[in-house]
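Trainee: Curious how this folds, go ahead:
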Amino acid sequence: MILFASCPQYRSINHRVDSKSLWLYRWYYSRTCQWILSLTITVILALAFIEEPSSLTITSDVRYRLPAWNPPCGLTESVELLCLLVFVVDVSVKSYLIGWKEFWKNKWLMAYILTLIVSLVDWIVSLSFFCKESVRIRRILRPFFLLQNSSMMKKTLKSINSTLPEMARWVIAQKTSFHRMAGSREIDNQQDKEWVVYFRNLPDSLTSLLVLLTTANNPDVMIPAYSKNRAYSIFFILFTVLGNLFLMNLLTAIIYNQFRGYLLKSVQSSLFRRRLGIRAAFEVLSSLKETPASSLKMCSCDQLSAAQFQKLFEELDKDAIKQHPPSPEYQSHFMQKVQFAFGHPYFGYLGNVVALANIISICVVLVMDADKQPSERDDFFLGAINCFFILYYLLEMLLKILAMGLKRYLSYPSNRFDGLLTVILLILEIATFAVYGFPHPGWRPELMGLLSLWDMVRLVNMLIVFRFLRIIPNMKVIALPCTTWVSLLVNWLCSFQVVFYAFAITGIMLFKGAVVPLGNTSAANTTNYNGTLQCGTYEQLEYWPNNFDDFAAAVVTLWDVMVVNNWQVFLDAFSRYSSPWANIYFVAWWLISSVIWVNLFVALLLEVRKCIYLVEQFKFKIFNFIWFSCVSSHPSLGYHHCSVSL
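Mentor: Modelled structure (predicted):
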């Protein structure tokens, strides 16, 4: 009985088992408390958009950006203090529940407390400087609160830690090959464009080859030499083949090889704890001299076996089936037939087919009008099509309400989604007719502001495509993989958000205010020799909105670098505007985001596919085998030893 609380969610069974602690345990892991904790994490992470430097400006372009509104000192700090107090309560409850003996073994809790101490001290320092300090250490530590709250993200971090030695060897191999290929050379002709632009010295050579590894500057880096002698192309082709096609794919294999089996092992470990907890509870209840009559009895008054006890908890572990309100009972025979026809699932399938026809018709009309000027287009057919389908959706909604009743209709999330879209489309369509009149030949709705009513109708109409996502849960072949992959994707995105957030805050500390518009730059930051901008530079491409002057701009800049298209422009610009050492920051971001994290996601997808199959095959058989093997090996120790050793 004492281990039941930790079984359903596969959590650790190392916690206090007295009645008050179990009540606190269940209260802490309730949906309300976990929702409050998640909301607190969201709020403290979102503060980066508001606090100085604030992102509350229309544009991030340094040429046109107006001074941002920065909150007065103490406003965001008060919100942050409330969040930190919630985290203090969170870590206190966790520490109390597991006990001091287990607390000193838990590195995550100790890191949690250390992070809170540093954050509170830094918060006090901020107030003592009236919020004018240049560096806030606690901002970099905020992603830890998101990381420690997810077991999947912790497992992902552990798997990355296990792959670091192999990745370090790969980096050393890359560095060795770079040094062999990137040596600078002394030449007599100082006008050699290849030497001036790409290979002037060892750091420039390494940077050029690193960018070439991502093919972002291919074939620009090769053209000056290739224009002199076609044989020079062999060097660049060999480097691309060895680096991009061999070494980069080798890194993917290394990450997957190190990560292989880790996710399955972690899932099995969680299921082990659950299985052992249930079996231990069964043994405890079976050994009691006075067992409640209802605890291990069936309706036939026979005692439950261990297998039956396990099946009981398998049923309890399933999600509760929602009971929908009953349909209305009609006395008329005709209404009963109407109810049967329009309440049948096939009527919903017909609606999906009509929605597909709606999407296809809109796409066909848009393709036919693609080459026409806006003044030459005739929106009569598109307006008529929209009117027809909106009337069908309205009729479908009313017939379903008639067949199912309003309460039963609204009890289904899919019906609420369809009904909301139908109401929005109907309101927009009526407003469109009031403004533009009914569709007729030569009908051309005019743009009114940023988005016209006509465009809004077409935009909402395209959302009908989401009706098809509801068929996934009904297809057993793809339901489990899709559900697992969606859950995995959410956890992967959250863990990636931790890295994104930390790099954005670091970028603000390093490069805030570094980029300034032309006319305010010094001579050292010019990109030309004759007063004209060089082609392909930060200034010539007008990349001015990409900077680190606030959090939102930093996030977009990191995204643009992660895509690696033209990322050499950022390397060049920030090395000129700040320091040549800025390249280390951008190269580190490229390695973590584009190389390690993307390859890790590929490894996760491959591992999940295998994990789903193996867990479904062995989650019942293997646990009984492990249990009985353990008990038979240690009959005097019993289940306590088995639960600890596993």
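Trainee: quick one, strands of the stretch 401-550 of the chain?
Mentor: Counting by DSSP state E, counting those that start in this stretch, one finds no strands in the stretch 401-550 of the chain.
Trainee: any low-confidence regions in it?
Mentor: Across the stretch 401-550 of the chain, the ranges flagged by pLDDT under 70 are 440, 442-489, 491-492, 519-532.
Trainee: ok, 80 please
Mentor: Low-confidence segments of the stretch 401-550 of the chain, defined by pLDDT under 80: 428-429, 431-496, 518-536.
Trainee: And Ala504, how far from Ala554?
Mentor: Counting by CB to CB, to the nearest Å, the gap from Ala504 to Ala554 is 4 Å. Every residue, glycine included, has its C-beta placed from N, CA and C.
Trainee: what touches both of these two?
Mentor: The contact sets of Ala504 and Ala554 overlap at Phe548 (CB atoms under 8 Å, 6 or more residues apart in numbering).
Trainee: If we ignore the residues flanking it in sequence, what's nearest Phe586?
Mentor: Spatial nearest neighbour of Phe586, excluding adjacent residues (CB to CB, 6 or more residues apart in numbering): Leu571 at 5.5 Å.
Trainee: now that neighbour: how far from Met562?
Mentor: Counting by CB to CB - Leu571 and Met562 are separated by 13 Å.
Trainee: Could I get the pLDDT score of Thr76?
Mentor: In this model, Thr76 is scored at 92, pLDDT.
Trainee: That one contacts Ala48, correct?
Mentor: No - Thr76 lies out of contact with Ala48 (CB atoms under 8 Å); the separation is 9.6 Å.
Trainee: Neighbour count for those two, which is higher?
Mentor: Taking other CB atoms under 10 Å, Thr76 and Ala48 do not tie; Ala48 has more neighbours (23 against 20).
Trainee: Okay, the closest residue to the more buried one other than its chain neighbours and Leu66: tell me how far apart.
Mentor: For Ala48, ignoring the flanking residues on the chain, the nearest one in space by CB to CB, 6+ apart is Phe551 at 4.2 Å. Distance of Phe551 to Leu66, computed by CB to CB: 17 Å.
Trainee: Of the two, which one has the most company?
Mentor: The neighbour comparison of Phe551 against Leu66 (other CB under 10 Å) goes to Phe551, with 22 against 8.
Trainee: unless I'm mixing things up, that one is touching Glu52, no?
Mentor: No - judged on CB under 8 Å, Phe551 makes no contact with Glu52 at a distance of 10.2 Å.
Trainee: Dump stretch 399-410 to PDB, restricted to CA.
Mentor: The C-alpha trace of stretch 399-410 is given here as PDB (Å, rounded to 0.1, in the frame of the first residue of the first chain):
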ATOM      1  CA  LEU A 399     -27.600  18.700 -37.800                       C
ATOM      2  CA  LYS A 400     -25.100  17.300 -35.400                       C
ATOM      3  CA  ILE A 401     -26.500  19.400 -32.500                       C
ATOM      4  CA  LEU A 402     -30.000  18.100 -33.500                       C
ATOM      5  CA  ALA A 403     -28.900  14.500 -33.500                       C
ATOM      6  CA  MET A 404     -26.500  14.600 -30.500                       C
ATOM      7  CA  GLY A 405     -27.900  17.400 -28.400                       C
ATOM      8  CA  LEU A 406     -26.000  20.500 -27.500                       C
ATOM      9  CA  LYS A 407     -24.300  19.100 -24.300                       C
ATOM     10  CA  ARG A 408     -23.200  15.900 -26.000                       C
ATOM     11  CA  TYR A 409     -22.000  17.900 -29.100                       C
ATOM     12  CA  LEU A 410     -19.900  20.200 -27.000                       C
END
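Trainee: Contacts for that stretch next, please.
Mentor: Here stretch 399-410 makes contact (CB under 8 Å, 6+ apart) with 324-328, 338-343, 347, 415-416, 419.
Trainee: Go through those residues and say which is closest to Val241.
Mentor: Using CB to CB, Arg416 is the member of those that sits closest to Val241, with 54.7 Å.
Trainee: State the distance from Gln323 to Ser30.
Mentor: 22 Å.
Trainee: Please apply the same query to Leu75.
Mentor: 31 Å.
Trainee: ok, now Ala431?
Mentor: Taken as CB to CB, the span from Ala431 to Ser30 is 44 Å.
Trainee: Which one's more surrounded, these two?
Mentor: A direct count of neighbours by other CB under 10 Å for Ala431 and Ser30 places Ala431 higher, at 14 against 11.
Trainee: ranges for the helices of the stretch 251-400 of the chain?
Mentor: 262-287, 306-317, 333-342, 345-368, 380-404 (DSSP state H, counting those that start in this stretch).
Trainee: Determine which of the ones you listed approaches Asn229 most closely.
Mentor: helix 345-368 (47.9 Å).
Trainee: quick revisit: contact partners for the residue nearest to Ala48?
Mentor: Applying CB under 8 Å, 6+ apart, we find Phe551 in contact with Ala48, Phe49, Pro53, Ser55, Ala504, Ile505, Ile508.
Trainee: any idea which of the residues you listed is closest to Ser578?
Mentor: Ser578 lies nearest to Ile508 out of those, by CB to CB, at 12.5 Å.
Trainee: Number of residues surrounding the closest one?
Mentor: Close neighbours of Ile508, defined as other CB under 10 Å, add up to 22.
Trainee: Let me know whether it touches Asn547 as I believe.
Mentor: No - with contact defined as CB under 8 Å, Ile508 does not reach Asn547; the gap is 9.7 Å.
Trainee: what's the overlap in contacts for these two?
Mentor: Common contact partners of Ile508 and Asn547 (CB under 8 Å, 6+ apart): Ala554.
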